[in-house]
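K.L.:
sharing a sequence plus its predicted fold:
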Amino acid sequence: MRYGIFSINIGSCNMGNRLIEYSIKQSLGLPEPFVSISMFKASPSNDDIDRLNSCDFVIVPGATTLANGPYQADSLVCLPYIKVPVICVGAGSWKPMYSLNAEACKYMVKPIGVRDPQTLEECKQK
């Protein structure tokens with residue numbers, strides 16, 4: 001099994017992000033990802049997209065990866081080009097600071113895993 005991840009850990013000193021990614025891999029019994037792309041990379045390259053498309057699936061981890069704001073989940077702009085299932089696990093939109101990135105949600109396998117009631121309601125409305 002090969003999977004990719006939009007990592008919230010690459011280039012981050014946020015220990016909470018490290019714990020989230022570690023916990024997802026452990027709870028799902030996943031090996032290390034075949035491809036890791038920084039969630040905060042503004043424009044993933046065509047090579048990044050090709051590598052993600054060579055996987056069986058791609059994970060969008062928790063944290064504020066569904067927030068529609070600068071530096072929250074910039075790499076998700078490439079989701080229209082991802083041809084394998086994109087699975088979102090325990091993400092939030094960080095309301096009231098940001099709204100839900102509804103455009104990114106269009107490209108994710110349903111149901112979308114959220115971590116709070118506000119994000120759940122926003123997903124239902126969109």
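P.N.:
Noted; the coordinates are in hand.

K.L.:
and residue 83, how far is that from residue 42?
P.N.:
For residue 83, the distance to residue 42 equals 22 Å [C-beta to C-beta, to the nearest Å]. For every residue, glycine as well, the C-beta is placed using N, CA and C.

K.L.:
using PDB, write out every CA atom in the one helix or strand residue 36 maps to.
P.N.:
Taking DSSP states H and E as the definition, one finds residue 36 inside strand 35-38. Presented in PDB, the C-alpha positions along strand 35-38 are these (Å, rounded to 0.1, in the frame of the first residue of the first chain):
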ATOM      1  CA  VAL A  35       4.800  10.800  -0.500                       C
ATOM      2  CA  SER A  36       4.700  13.800   1.900                       C
ATOM      3  CA  ILE A  37       3.800  17.300   0.600                       C
ATOM      4  CA  SER A  38       3.700  20.200   2.900                       C
END
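
K.L.:
in the helix or strand just after that strand, which residues are buried?
P.N.:
Per DSSP H and E, the first helix or strand lying C-terminal to strand 35-38 is helix 46-53. Neighbour counts over helix 46-53 (16 or more other C-beta atoms under 10 Å) mark 48, 49, 51, 52 as buried.

K.L.:
in the residues you listed, find the pair that's most separated.
P.N.:
49 and 51 (7.3 Å; C-beta to C-beta).

K.L.:
okay, strands next: where are they in the chain?
P.N.:
Per DSSP state E, the chain carries strands over the ranges 3-7, 35-38, 57-60, 67-68, 86-88, 99-100.
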